[in-house]
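> model this:
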Amino acid sequence: MYISFFKTVFFVLFLSIVSQFEAQDTSNSTKSHITEKIGDVVLIALPVATIGSTYILGDKEGPWQFTKGLLLTEAVTYSLKWSINKPRPDLSNNNSFPSGHTSTTFHSAGFIHRRYGFKYSIPAYLLAGFTAASRVDAKKHDVLDILAGAAIGLGSNLIFITEYQRAHFQLSFSGTRDIFLIGFTYKF
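Numbering: from 1, shown residues only. The predicted structure follows:
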């Protein structure tokens, strides 16, 4: 069930990314701009798809765990950005360290990994890695910035996220004055 659901979510996410290919020109500057734009789409789409997945799967604790982790990720990321003031490689401002795009997308991928298992998180990790690479390609960050962002995003998952526990079995009891029945149901 999870595999087909996550395939559908990531297919929709892929379609939203592909829809961003509007440019006619294939020069290097346009390719870099398209890569950056796709990274910006993933920054929003991946967390939305992740938290949406928790609701669709009926995971009652997942949304709150995701939100707590995301709030910590953003708080740490922006506290460091504002206190360190490292210039970006393109010199546009002093908010280079750490990468916010990378911390956010790796938080989403790490959430799926810790909550539902590694095999479900592979597409999310690929998207998060692409987003990190898009930030380097756009000259907004260097490798140290994206490594720190990934560490922050993944680290927040270690604090708040637990493995998803589905109800695998159910006990039931039924009885009358003379007969008592105890039932046991196990879902695979």
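> Just the strands from the protein, written as ranges.
169-175, 180-186 (DSSP state E).
> can you list the weak-confidence ranges in the protein?
1-29, 166-173, 180-188 (pLDDT under 70).
> biggest helix in it by residues?
Longest among the helix segments of the chain by residue count, using DSSP state H, is helix 28-56.
> what helices or strands is that helix leaning on?
The contact analysis (3 or more Cβ pairs under 8 Å, 6 or more residues apart in numbering; DSSP states H and E) places helix 28-56 against helix 2-18, helix 62-84, helix 100-116, helix 118-137. All C-beta atoms are positioned from the backbone trio N, CA, C, and that covers glycine.
> Next, Lys86: phi, psi?
phi -80, psi 130 (degrees, to the nearest 10).
> Do I have it right that it meets Ser96?
Yes: under the criterion of Cβ atoms under 8 Å, Lys86 lies in contact with Ser96, with a separation of 4.3 Å.
> The two: who's more crowded?
Neighbours of Lys86 and Ser96, each counted by other Cβ atoms under 10 Å, are more numerous for Ser96; the result is 22 against 17.
> List the contacts of that one.
For Ser96, the contacting residues are 81, 86-89, 140-142, 145, by Cβ atoms under 8 Å, 6 or more residues apart in numbering.
> What about Asp90, how many residues nearby?
11.
> Would you mind measuring from it to Ser103?
20 Å (Cβ to Cβ, to the nearest Å).
> Could you do Ile34 as well?
Look at Ile34 and Ser103: by Cβ to Cβ, they are 23 Å apart.
> Those two: who's more crowded?
Between Ile34 and Ser103, counted using other Cβ under 10 Å, Ser103 has the larger neighbour count: 29 against 17.
> Let me see the contact set for the more buried one.
With contacts taken as Cβ under 8 Å, 6+ apart, Ser103 has the following neighbours: 73-74, 76-77, 148-150, 152-153.
> How much space separates it from Thr73?
When Cβ to Cβ is the yardstick, Ser103 and Thr73 sit 5 Å from each other.
> just Ala124 next, same as before
Summarising the geometry, the distance separating Ala124 from Thr73, computed by Cβ to Cβ, is 15 Å.
> again, but for Leu57
Per Cβ to Cβ, Leu57 is found 22 Å from Thr73.
> Look at the two and report which has more neighbours.
Set side by side, Leu57 and Thr73 show more neighbours around Thr73, with 27 against 17, by other Cβ under 10 Å.
> The residue nearest to Trp82 when sequence neighbours are not counted: neighbour count?
Of all residues beyond its chain neighbours, the one nearest Trp82 is Asn95 (7.5 Å), with distances taken as Cβ to Cβ, 6 or more residues apart in numbering. Counted with other Cβ under 10 Å, residues neighbouring Asn95 total 21.
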